[in-house]
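The sequence and its predicted three-dimensional model are supplied below.
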Amino acid sequence: MSYVDDRHYIELCPNHGLSVITCGWQKCHPSHLCNIRYYPNHSFTFVVKGKGYCTIEDKTFEIHAGECFTIFPDLSTTYIADSEDPWEYYFAIVTGEDVLSLIRTIGVTPANPIVPYKMDSEMLKNLSSMVKSGGSGKRLGYDVIGYFLMCMSQIVETRSAELNQGKAQDVYIDKAIAYMKTNYPYDISVSSIAAYIGIEHSYFYRLFKKRTGISPREWLVNYRLEQAKKMMEESTISTTEIAHSVGFYDLPHFANTFSSHYGTSPREYRKSLKPG
């Protein structure tokens with residue numbers, strides 16, 4: 001045997017919403033392999049030590065302590081303990097009408113089955129109590145469900161914090177873009193934008209590039225060029241006035257930047273707009 005475990009099959013309680021069918025703890029030896037299986041129910045595995053690898057269909061995931069991974073029904077699944085730092089984990093196999101709602105709440109999918117959790121004393125106590133309760137059989141599995149849901153509530157809390165952080169980051173970027181759209185005619189810097197939205201310069205730069213794929217400076221230049229091009233199409237004011245109006249105070253620099261971006265000079269672009 002390449003593992004030691006404490007596994008319990010639970011007398012199913014009359015709860016149509018969510019029931020834990022099986023729960024347990026397992027400590028694997030190096031490279032312990034669970035061959036290809038097709039699970040009929042959802043399974044949640046909480047890794048508490050070491051690491052391992054789970055392959056769902058043709059995609060392999062590396063999973064570490066402090067992460068929970070979900071096995072989905074009717075998908076080819078294989079998992080194996082690491083050869084040097086084999087994992088130890090608790091698991092629960094569940095069924096019921098509310099399982100899909102739980103899956104959606106924590107945001108896991110077959111393509112992204114891993115969520116982090118806070119591996120503190122409360123979580124470890126709930127996982128251990130879930131397995132011990134599974135072995136007692138005194139409460140028809142209701143106690144097991146309770147401990148399982150306590151574990152999942154900690155994942156939901158962690159997930160909510162991540163989502164809220166993501167929303168806060170989106171607010172920063174939306175505010176920065178609104179500021180640039182309003183102030184693009186003026187001599188504004190990335191530092192001044194960061195100061196306006198209230199975060200540190202380098203952190204703002206990283207957030208902005210992650211969200212948009214380009215730097216704040218590139219975004220601002222692109223927006224200024226778009227406005228200049230629009231003014232050329234809709235007005236007859238001079239190229240110099242247009243350049244100044246969109247925040248370019250060096251005419252050669254404006255011409256070179258425009259040419260590089262659009263493949264034609266401002267002069268040639270304006271000529272191309274004239275009929276005939």
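Looks like it came in fine.

Quick one: name whatever helix or strand follows the lengthiest helix in the chain.
Looking across the chain with DSSP state H, the single longest helix is helix 142-183. Going down the chain from helix 142-183, the next helix or strand is helix 190-197, by DSSP states H and E.

what residues are up against Ile80?
By C-beta atoms under 8 Å, 6 or more residues apart in numbering, the contact list for Ile80 reads Ser31, His32, Leu33, Cys34, Gly52, Tyr53. To be clear about C-beta, it is placed using only N, CA and C from the backbone, and glycine gets the same treatment.

Most neighbours among the residues you listed, which one is it?
Highest neighbour count within the contacts of Ile80, by other C-beta atoms under 10 Å: Gly52, with 26 neighbours.

host element of that residue?
Using DSSP H and E, Gly52 falls in strand 51-56.

Now that strand: average pLDDT?
Averaging pLDDT along strand 51-56 yields 94.

Likewise for stretch 237-246?
Mean predicted confidence for stretch 237-246 is 93.

Stretch 213-230 too?
So the average pLDDT for stretch 213-230 ends up being 94.

Could you check how far it is from the centre of its chain?
The chain centre lies 28 Å from the centre of stretch 213-230; the measure is C-alpha atoms, centre = their mean, to the nearest Å.

what do you get for stretch 39-58?
On C-alpha atoms, centre = their mean, the centre of stretch 39-58 falls 19 Å from that of its chain.

which of the residues in that stretch are buried?
41-48, 50-52, 54, 56 (16 or more other C-beta atoms under 10 Å).

And stretch 110-119, by the same measure?
Of the residues in stretch 110-119, those buried (16+ other C-beta under 10 Å) are Pro113, Ile114, Val115, Tyr117, Met119.

Among those, name the ones in strands.
Among these, the members found in strands (DSSP state E) are Ile114, Val115.

Determine which two of the buried residues of stretch 110-119 are furthest apart.
Within these, two members stand farthest from each other by C-beta to C-beta: Pro113 and Met119, at 18.0 Å.

Just the closest of the contacts of Ile80 to His64, please.
Gly52 (8.7 Å).

Against Thr105, how distant is the residue nearest to the closest one when sequence neighbours are not counted?
Of all residues not flanking Gly52 in the chain, Trp87 sits nearest, at 4.2 Å (C-beta to C-beta, 6 or more residues apart in numbering). Noted for Trp87: a distance of 25 Å to Thr105, by C-beta to C-beta, to the nearest Å.

quick one: which of the two has more around it?
Comparing Trp87 with Thr105 by other C-beta under 10 Å, the one with more neighbours is Trp87, at 25 against 14.

Let me see the contact set for the more buried one.
Contacts of Trp87 (C-beta under 8 Å, 6+ apart): Cys28, Val47, Lys49, Gly50, Lys51, Gly52, Ile63, Ala65, Ala81.

at 7 Å instead, please
Cys28, Val47, Lys49, Gly50, Lys51, Gly52, Ala81 (C-beta atoms under 7 Å, 6 or more residues apart in numbering).

Next: Arg37.
Here Arg37 is in contact with Thr77 (criterion: C-beta under 7 Å, 6+ apart).

Look at it and report its pLDDT.
Per the predicted model, pLDDT is 84 at Arg37.

Tell me the strands beside the helix or strand it falls within, with direction?
In this assignment (DSSP H and E), Arg37 forms part of strand 33-38. Sheet pairing for strand 33-38, assigned by DSSP bridges, gives strand 76-81 (antiparallel).

what's the average pLDDT for the strand it pairs with?
Here the average pLDDT along strand 76-81 is 93.

following it, which helix or strand comes up?
strand 88-95.

low-scoring pLDDT stretches of the stretch 1-150 of the chain, where are they?
For the stretch 1-150 of the chain, the stretches with pLDDT under 70 are 1-5, 8-16, 136-137, 139-140.

on that earlier part again, and which of the buried residues of stretch 39-58 is nearest Glu268?
Closest approach to Glu268 among the buried residues of stretch 39-58 (C-beta to C-beta): Ile56, at 55.4 Å.

Is it correct that Cys151 is in contact with Lys125?
No. Between Cys151 and Lys125 there is no contact under C-beta atoms under 7 Å: 9.9 Å.

show me what contacts Thr212?
Per C-beta under 7 Å, 6+ apart, neighbours of Thr212: Trp219.
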